[in-house]
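> Below: sequence and its predicted model.
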Amino acid sequence: MYPLQEIANASSDKDKFLAVYPMLKQEMLSHMADNEMPQEALDWCKTMMDYTVPGGKLNRGVTVLAVHRTLTQANSNRDLTDEEVAKASVLGWAIEFLQAFFLVADDVMDASKTRRGQPCWYQLPHVKNIAINDSFLLESYVFTMLKKHFGKEEFYLQLLELFLQVIQQTEFGQLLDLTSQDEAVVDLDKFTLERYRKIVKYKTAFYTFYLPVAIGMITSGVKGTEEYDLAQEICCQMGEYFQIQDDYLDCFGDPEVIGKVGTDIQDNKCSWLVVQALDRVTKEQRTLLEQNYGQWDDEKVKNVKDVYNELELVKVFEDYEEQSYKNIQEALDKVTLMPRDVFELLLKKIYKRSK
(Lines give C-alpha, C1' and ligand atoms only; values in the text may rest on other atoms or scores of the structure.)
Protein backbone atom coordinates (compact mmCIF):
# COMPACT_ATOMS: atom_id res chain seq x y z
CA MET A 1 0.00 0.00 0.00
CA TYR A 2 2.69 2.53 0.94
CA PRO A 3 5.35 3.75 -1.53
CA LEU A 4 8.11 2.10 0.52
CA GLN A 5 10.65 1.97 -2.32
CA GLU A 6 10.36 5.72 -2.99
CA ILE A 7 10.68 6.39 0.75
CA ALA A 8 13.78 4.18 0.98
CA ASN A 9 15.35 5.97 -2.01
CA ALA A 10 14.61 9.49 -0.72
CA SER A 11 17.54 11.20 0.95
CA SER A 12 15.76 13.84 3.06
CA ASP A 13 12.72 13.83 5.33
CA LYS A 14 11.00 16.29 3.01
CA ASP A 15 11.49 13.98 0.01
CA LYS A 16 10.30 10.95 2.01
CA PHE A 17 7.27 12.98 3.03
CA LEU A 18 6.55 14.12 -0.55
CA ALA A 19 6.68 10.51 -1.76
CA VAL A 20 3.46 9.79 0.16
CA TYR A 21 1.33 12.61 -1.33
CA PRO A 22 0.46 10.94 -4.70
CA MET A 23 -0.82 7.87 -2.86
CA LEU A 24 -3.09 9.94 -0.60
CA LYS A 25 -4.38 12.04 -3.48
CA GLN A 26 -5.26 8.88 -5.38
CA GLU A 27 -6.98 7.41 -2.32
CA MET A 28 -9.14 10.52 -1.96
CA LEU A 29 -10.11 10.35 -5.65
CA SER A 30 -10.92 6.62 -5.38
CA HIS A 31 -13.03 7.37 -2.30
CA MET A 32 -14.98 9.95 -4.30
CA ALA A 33 -15.44 7.46 -7.17
CA ASP A 34 -16.77 4.94 -4.63
CA ASN A 35 -19.29 7.62 -3.67
CA GLU A 36 -20.61 7.89 -7.24
CA MET A 37 -18.73 11.07 -8.13
CA PRO A 38 -18.32 11.46 -11.91
CA GLN A 39 -14.96 11.92 -13.64
CA GLU A 40 -15.40 15.70 -13.93
CA ALA A 41 -15.68 15.95 -10.11
CA LEU A 42 -12.56 13.80 -9.74
CA ASP A 43 -10.66 15.96 -12.26
CA TRP A 44 -11.74 19.11 -10.40
CA CYS A 45 -10.55 17.78 -7.03
CA LYS A 46 -7.29 16.45 -8.45
CA THR A 47 -6.45 19.93 -9.78
CA MET A 48 -7.71 21.58 -6.60
CA MET A 49 -5.58 19.37 -4.33
CA ASP A 50 -2.45 19.88 -6.43
CA TYR A 51 -3.00 23.65 -6.41
CA THR A 52 -3.77 24.08 -2.73
CA VAL A 53 -2.08 21.33 -0.71
CA PRO A 54 1.59 20.59 -1.51
CA GLY A 55 2.88 24.05 -2.47
CA GLY A 56 3.89 25.38 0.96
CA LYS A 57 6.98 24.92 3.10
CA LEU A 58 5.45 21.68 4.50
CA ASN A 59 6.99 22.43 7.91
CA ARG A 60 3.97 21.19 9.86
CA GLY A 61 3.80 17.89 8.01
CA VAL A 62 7.51 17.13 8.08
CA THR A 63 7.52 18.01 11.80
CA VAL A 64 5.23 15.04 12.53
CA LEU A 65 7.87 12.79 10.98
CA ALA A 66 10.69 14.43 12.93
CA VAL A 67 8.81 14.25 16.26
CA HIS A 68 7.97 10.59 15.69
CA ARG A 69 11.61 9.81 14.93
CA THR A 70 12.89 11.74 17.95
CA LEU A 71 10.52 9.94 20.33
CA THR A 72 11.25 6.52 18.80
CA GLN A 73 15.00 7.09 19.16
CA ALA A 74 14.53 8.20 22.77
CA ASN A 75 12.18 5.35 23.72
CA SER A 76 13.49 2.43 21.65
CA ASN A 77 16.96 3.63 20.63
CA ARG A 78 16.35 2.99 16.91
CA ASP A 79 15.43 4.81 13.70
CA LEU A 80 12.01 4.59 12.02
CA THR A 81 11.27 1.81 9.55
CA ASP A 82 10.12 2.88 6.07
CA GLU A 83 6.57 1.83 6.98
CA GLU A 84 6.67 3.98 10.14
CA VAL A 85 7.93 6.88 8.01
CA ALA A 86 4.99 6.33 5.64
CA LYS A 87 2.41 6.24 8.46
CA ALA A 88 3.86 9.33 10.13
CA SER A 89 3.80 11.03 6.73
CA VAL A 90 0.10 10.27 6.31
CA LEU A 91 -0.52 12.13 9.58
CA GLY A 92 1.74 14.94 8.42
CA TRP A 93 -0.27 15.23 5.21
CA ALA A 94 -3.47 15.27 7.28
CA ILE A 95 -2.15 18.51 8.82
CA GLU A 96 -1.17 19.87 5.40
CA PHE A 97 -4.70 19.16 4.09
CA LEU A 98 -6.04 20.88 7.19
CA GLN A 99 -3.75 23.84 6.53
CA ALA A 100 -5.01 23.99 2.92
CA PHE A 101 -8.62 23.98 4.22
CA PHE A 102 -7.88 26.94 6.50
CA LEU A 103 -5.92 28.90 3.87
CA VAL A 104 -8.38 28.44 0.99
CA ALA A 105 -11.21 29.68 3.24
CA ASP A 106 -9.06 32.39 4.84
CA ASP A 107 -8.10 33.86 1.47
CA VAL A 108 -11.77 34.20 0.51
CA MET A 109 -12.58 35.86 3.85
CA ASP A 110 -9.63 38.24 3.61
CA ALA A 111 -10.05 38.91 -0.13
CA SER A 112 -6.36 38.03 -0.51
CA LYS A 113 -4.71 38.18 -3.92
CA THR A 114 -1.77 35.77 -3.74
CA ARG A 115 -0.76 32.73 -1.75
CA ARG A 116 2.57 30.88 -1.97
CA GLY A 117 3.67 32.99 -4.92
CA GLN A 118 0.60 32.32 -7.11
CA PRO A 119 -2.98 33.67 -7.31
CA CYS A 120 -5.22 32.39 -4.50
CA TRP A 121 -7.34 29.40 -5.56
CA TYR A 122 -10.60 31.39 -5.41
CA GLN A 123 -9.05 34.08 -7.63
CA LEU A 124 -8.93 31.71 -10.59
CA PRO A 125 -11.75 32.76 -12.97
CA HIS A 126 -13.34 29.31 -13.13
CA VAL A 127 -13.21 28.78 -9.34
CA LYS A 128 -14.44 31.87 -7.45
CA ASN A 129 -16.87 30.91 -4.63
CA ILE A 130 -16.65 27.20 -5.42
CA ALA A 131 -13.47 27.52 -3.33
CA ILE A 132 -15.64 27.65 -0.21
CA ASN A 133 -16.96 24.14 -0.85
CA ASP A 134 -13.46 23.05 -1.88
CA SER A 135 -12.21 24.09 1.55
CA PHE A 136 -14.90 21.88 3.15
CA LEU A 137 -13.78 18.98 0.95
CA LEU A 138 -10.16 19.43 2.03
CA GLU A 139 -11.26 19.24 5.67
CA SER A 140 -13.34 16.12 5.01
CA TYR A 141 -10.36 14.39 3.37
CA VAL A 142 -8.48 14.66 6.67
CA PHE A 143 -10.99 12.37 8.36
CA THR A 144 -11.14 9.98 5.40
CA MET A 145 -7.34 9.59 5.69
CA LEU A 146 -7.38 9.10 9.45
CA LYS A 147 -10.06 6.40 9.26
CA LYS A 148 -8.46 4.56 6.34
CA HIS A 149 -4.96 4.44 7.83
CA PHE A 150 -5.55 4.46 11.59
CA GLY A 151 -9.16 3.33 12.12
CA LYS A 152 -8.06 0.06 13.70
CA GLU A 153 -5.38 1.54 16.00
CA GLU A 154 -6.13 1.78 19.71
CA PHE A 155 -5.18 5.48 19.62
CA TYR A 156 -7.67 6.26 16.78
CA LEU A 157 -10.21 7.97 19.04
CA GLN A 158 -7.50 10.06 20.72
CA LEU A 159 -6.22 11.12 17.28
CA LEU A 160 -9.72 11.96 16.06
CA GLU A 161 -10.50 14.04 19.14
CA LEU A 162 -7.19 15.88 18.82
CA PHE A 163 -7.97 16.91 15.22
CA LEU A 164 -11.55 17.91 16.07
CA GLN A 165 -10.34 19.95 19.07
CA VAL A 166 -7.64 21.75 17.08
CA ILE A 167 -9.98 22.55 14.17
CA GLN A 168 -12.45 24.11 16.60
CA GLN A 169 -9.72 26.05 18.43
CA THR A 170 -8.43 27.41 15.11
CA GLU A 171 -11.94 28.49 14.14
CA PHE A 172 -12.32 30.25 17.52
CA GLY A 173 -9.12 32.15 16.71
CA GLN A 174 -10.35 32.99 13.22
CA LEU A 175 -13.57 34.37 14.72
CA LEU A 176 -11.64 36.69 17.04
CA ASP A 177 -9.44 37.75 14.13
CA LEU A 178 -12.31 38.48 11.73
CA THR A 179 -14.45 40.32 14.31
CA SER A 180 -11.58 42.63 15.21
CA GLN A 181 -11.31 43.85 11.61
CA ASP A 182 -14.47 45.58 10.41
CA GLU A 183 -13.60 47.20 7.09
CA ALA A 184 -16.28 49.83 7.48
CA VAL A 185 -15.20 50.94 10.95
CA VAL A 186 -11.61 51.10 12.15
CA ASP A 187 -11.76 50.70 15.92
CA LEU A 188 -8.21 50.79 17.26
CA ASP A 189 -9.48 50.23 20.80
CA LYS A 190 -10.06 46.57 19.87
CA PHE A 191 -6.36 46.07 19.20
CA THR A 192 -5.14 45.09 22.65
CA LEU A 193 -2.27 42.78 23.50
CA GLU A 194 -4.68 40.48 25.35
CA ARG A 195 -6.91 40.04 22.29
CA TYR A 196 -3.88 39.63 20.05
CA ARG A 197 -2.48 36.85 22.25
CA LYS A 198 -5.78 34.98 22.19
CA ILE A 199 -6.02 35.23 18.40
CA VAL A 200 -2.50 33.88 18.01
CA LYS A 201 -2.93 31.07 20.51
CA TYR A 202 -6.14 29.83 18.95
CA LYS A 203 -5.66 30.69 15.29
CA THR A 204 -2.03 29.64 14.88
CA ALA A 205 -0.29 28.00 17.83
CA PHE A 206 -2.54 24.97 18.27
CA TYR A 207 -2.51 23.68 14.70
CA THR A 208 0.96 24.86 13.70
CA PHE A 209 2.92 23.73 16.75
CA TYR A 210 0.87 21.71 19.21
CA LEU A 211 -0.86 19.47 16.63
CA PRO A 212 2.31 18.05 14.99
CA VAL A 213 3.91 17.45 18.39
CA ALA A 214 0.79 15.91 19.97
CA ILE A 215 0.31 13.58 16.97
CA GLY A 216 3.87 12.33 17.33
CA MET A 217 3.30 11.83 21.06
CA ILE A 218 0.04 9.89 20.53
CA THR A 219 1.51 7.56 17.90
CA SER A 220 4.63 7.01 20.02
CA GLY A 221 2.49 5.88 22.94
CA VAL A 222 2.87 8.89 25.29
CA LYS A 223 0.01 8.58 27.78
CA GLY A 224 0.44 11.08 30.63
CA THR A 225 -1.66 14.27 30.60
CA GLU A 226 1.23 16.13 32.22
CA GLU A 227 3.35 15.58 29.11
CA TYR A 228 0.59 16.90 26.84
CA ASP A 229 0.02 19.96 29.06
CA LEU A 230 3.72 20.76 28.98
CA ALA A 231 3.88 20.31 25.22
CA GLN A 232 0.89 22.62 24.79
CA GLU A 233 2.43 25.32 26.98
CA ILE A 234 5.74 25.34 25.08
CA CYS A 235 4.07 25.05 21.68
CA CYS A 236 1.83 28.04 22.44
CA GLN A 237 4.91 30.10 23.35
CA MET A 238 6.50 29.15 20.04
CA GLY A 239 3.25 29.86 18.21
CA GLU A 240 3.15 33.39 19.56
CA TYR A 241 6.73 33.97 18.50
CA PHE A 242 6.01 32.50 15.03
CA GLN A 243 2.93 34.68 14.46
CA ILE A 244 4.71 37.84 15.59
CA GLN A 245 7.42 37.03 13.04
CA ASP A 246 4.67 36.60 10.45
CA ASP A 247 3.17 39.99 11.28
CA TYR A 248 6.59 41.60 11.09
CA LEU A 249 7.35 39.95 7.72
CA ASP A 250 3.93 41.00 6.37
CA CYS A 251 5.00 44.62 6.77
CA PHE A 252 8.80 44.55 6.50
CA GLY A 253 9.54 41.28 4.64
CA ASP A 254 10.41 40.96 0.95
CA PRO A 255 7.31 39.79 -1.01
CA GLU A 256 9.64 37.89 -3.37
CA VAL A 257 10.96 35.89 -0.41
CA ILE A 258 7.75 35.37 1.57
CA GLY A 259 5.65 34.52 -1.51
CA LYS A 260 2.84 37.00 -0.87
CA VAL A 261 2.22 40.72 -0.72
CA GLY A 262 1.47 41.73 2.85
CA THR A 263 -1.95 43.34 3.39
CA ASP A 264 -2.37 43.36 7.19
CA ILE A 265 -2.54 47.18 7.27
CA GLN A 266 -5.14 47.35 4.47
CA ASP A 267 -7.12 44.45 6.01
CA ASN A 268 -7.43 46.31 9.32
CA LYS A 269 -5.75 43.35 11.08
CA CYS A 270 -5.10 43.12 14.78
CA SER A 271 -1.39 42.75 14.02
CA TRP A 272 1.42 42.74 16.59
CA LEU A 273 2.86 45.85 14.93
CA VAL A 274 -0.26 47.97 15.36
CA VAL A 275 -0.68 46.71 18.95
CA GLN A 276 2.92 47.74 19.71
CA ALA A 277 2.48 51.06 17.91
CA LEU A 278 -0.65 51.93 19.91
CA ASP A 279 1.33 51.30 23.09
CA ARG A 280 3.89 53.91 22.10
CA VAL A 281 2.15 56.59 20.01
CA THR A 282 1.82 60.29 20.65
CA LYS A 283 -1.64 61.79 20.29
CA GLU A 284 -0.79 63.00 16.77
CA GLN A 285 0.54 59.60 15.71
CA ARG A 286 -2.60 57.88 17.01
CA THR A 287 -4.77 60.26 14.98
CA LEU A 288 -2.64 59.45 11.94
CA LEU A 289 -3.21 55.72 12.49
CA GLU A 290 -6.95 56.26 12.93
CA GLN A 291 -7.11 58.16 9.64
CA ASN A 292 -4.93 55.77 7.62
CA TYR A 293 -5.17 52.23 9.03
CA GLY A 294 -7.43 49.64 7.40
CA GLN A 295 -7.72 51.29 3.99
CA TRP A 296 -6.79 50.09 0.50
CA ASP A 297 -4.84 53.18 -0.45
CA ASP A 298 -1.08 53.01 -1.08
CA GLU A 299 -0.51 56.50 0.30
CA LYS A 300 -2.33 55.67 3.54
CA VAL A 301 -0.43 52.40 3.90
CA LYS A 302 2.80 54.37 3.53
CA ASN A 303 1.63 56.80 6.26
CA VAL A 304 1.07 53.88 8.65
CA LYS A 305 4.51 52.43 7.84
CA ASP A 306 6.04 55.87 8.44
CA VAL A 307 4.56 55.87 11.95
CA TYR A 308 5.97 52.34 12.49
CA ASN A 309 9.40 53.55 11.42
CA GLU A 310 9.22 56.65 13.64
CA LEU A 311 8.44 54.32 16.55
CA GLU A 312 11.41 52.08 15.57
CA LEU A 313 9.25 48.96 15.48
CA VAL A 314 11.97 47.01 13.65
CA LYS A 315 14.16 47.43 16.73
CA VAL A 316 11.22 46.61 19.01
CA PHE A 317 10.73 43.36 17.06
CA GLU A 318 14.43 42.43 17.16
CA ASP A 319 14.48 42.93 20.94
CA TYR A 320 11.31 40.87 21.28
CA GLU A 321 12.80 38.10 19.14
CA GLU A 322 15.86 37.78 21.37
CA GLN A 323 13.82 37.87 24.58
CA SER A 324 11.29 35.37 23.29
CA TYR A 325 14.02 32.95 22.22
CA LYS A 326 15.53 33.20 25.70
CA ASN A 327 12.16 32.57 27.37
CA ILE A 328 11.53 29.49 25.25
CA GLN A 329 15.02 28.14 26.05
CA GLU A 330 14.31 28.63 29.76
CA ALA A 331 11.03 26.72 29.39
CA LEU A 332 12.91 23.93 27.60
CA ASP A 333 15.37 23.67 30.48
CA LYS A 334 12.46 22.48 32.62
CA VAL A 335 11.55 19.65 30.22
CA THR A 336 12.34 16.32 31.84
CA LEU A 337 9.27 14.27 30.94
CA MET A 338 10.24 13.88 27.28
CA PRO A 339 13.22 14.64 25.01
CA ARG A 340 13.62 18.39 24.54
CA ASP A 341 14.90 17.68 21.02
CA VAL A 342 11.23 17.50 20.00
CA PHE A 343 10.94 21.23 20.68
CA GLU A 344 14.47 22.18 19.67
CA LEU A 345 13.82 21.01 16.12
CA LEU A 346 10.76 23.27 15.90
CA LEU A 347 12.61 26.25 17.31
CA LYS A 348 15.51 25.78 14.89
CA LYS A 349 13.11 25.98 11.95
CA ILE A 350 11.59 29.30 12.96
CA TYR A 351 14.34 31.27 14.73
CA LYS A 352 15.30 34.34 12.64
CA ARG A 353 13.44 33.07 9.57
CA SER A 354 12.96 35.39 6.58
CA LYS A 355 9.82 33.76 5.15
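Sure, I can see it.

> In the chain, which residue is most central in space?
For the chain, Thr208 is the residue whose C-alpha lies nearest the centre (Cα atoms, centre = their mean; 4.3 Å).

> Cross-check the contact I'm expecting between it and Arg60.
Yes - checked against Cβ atoms under 8 Å, the pair Thr208 and Arg60 is within contact range at 6.0 Å. Just so you know, the C-beta spots here come from the backbone N, C-alpha and C atoms, and that holds for glycine as well.

> What segments of the stretch 1-150 of the chain are helices?
For the stretch 1-150 of the chain, the helices defined by DSSP state H, counting those that start in this stretch cover 4-9, 13-18, 21-34, 39-52, 59-76, 82-110, 130-150.

> Just the buried residues of the second one, please?
Just to be clear, that refers to helix 13-18. The neighbour-count check on helix 13-18 (16 or more other Cβ atoms under 10 Å) flags 13, 16-18 as buried.

> same deal with the longest one?
The neighbour-count criterion (16+ other Cβ under 10 Å) identifies 82, 84-108, 110 as the buried residues of helix 82-110.

> returning to what we had before: worst mean pLDDT among the helices of the stretch 1-150 of the chain?
For the helices of the stretch 1-150 of the chain, the weakest mean pLDDT is recorded on helix 59-76, namely a mean of 91.

> Now distance to Pro212 too, for the helices of the stretch 1-150 of the chain, in CSV please.
Formatted as CSV, the helices of the stretch 1-150 of the chain follow (distance: least, Cβ to Cβ, whole Å):
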stretch, distance to Pro212
helix 4-9, 19
helix 13-18, 12
helix 21-34, 17
helix 39-52, 19
helix 59-76, 4
helix 82-110, 6
helix 130-150, 14
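
> right, so of those helices, which gets closest to Asp264?
Within the helices of the stretch 1-150 of the chain, the stretch nearest Asp264 is helix 82-110; the backing value is 9.6 Å (Cβ to Cβ).

> by how many degrees do the closest one and helix 130-150 diverge?
Interaxial angle, helix 82-110 versus helix 130-150 (axes from the mean of the first three to the mean of the last three Cα atoms, to 10 degrees): 160 degrees.

> Quick one: list the elements packing against helix 82-110.
Using 3 or more Cβ pairs under 8 Å, 6 or more residues apart in numbering; DSSP states H and E as the contact test, the elements touching helix 82-110 are helix 4-9, helix 13-18, helix 21-34, helix 39-52, helix 59-76, helix 130-150, helix 156-178, helix 211-219.

> ok, Thr179 - how many residues close by?
12 (other Cβ atoms under 10 Å).

> Now do the contacts for Phe242.
204-205, 208-209, 350 (Cβ atoms under 8 Å, 6 or more residues apart in numbering).

> Does it lie in a helix or a strand, and which?
Per DSSP states H and E, Phe242 falls inside helix 225-252.

> what about Met32, neighbour count?
Neighbours of Met32 under the rule other Cβ under 10 Å: 19.

> got the contact list for it?
Shown in contact with Met32 (Cβ under 8 Å, 6+ apart): 41-42, 45.

> Buried ones among those residues?
Buried members of those, scored by 16+ other Cβ under 10 Å, are Cys45.

> By neighbours, which of the contacts of Phe242 wins?
Phe209 (28 neighbours).

> Surely that one and Leu347 touch.
No - counting by Cβ under 8 Å, Phe209 does not reach Leu347; the two are 10.0 Å apart.

> Appreciated, that's everything.
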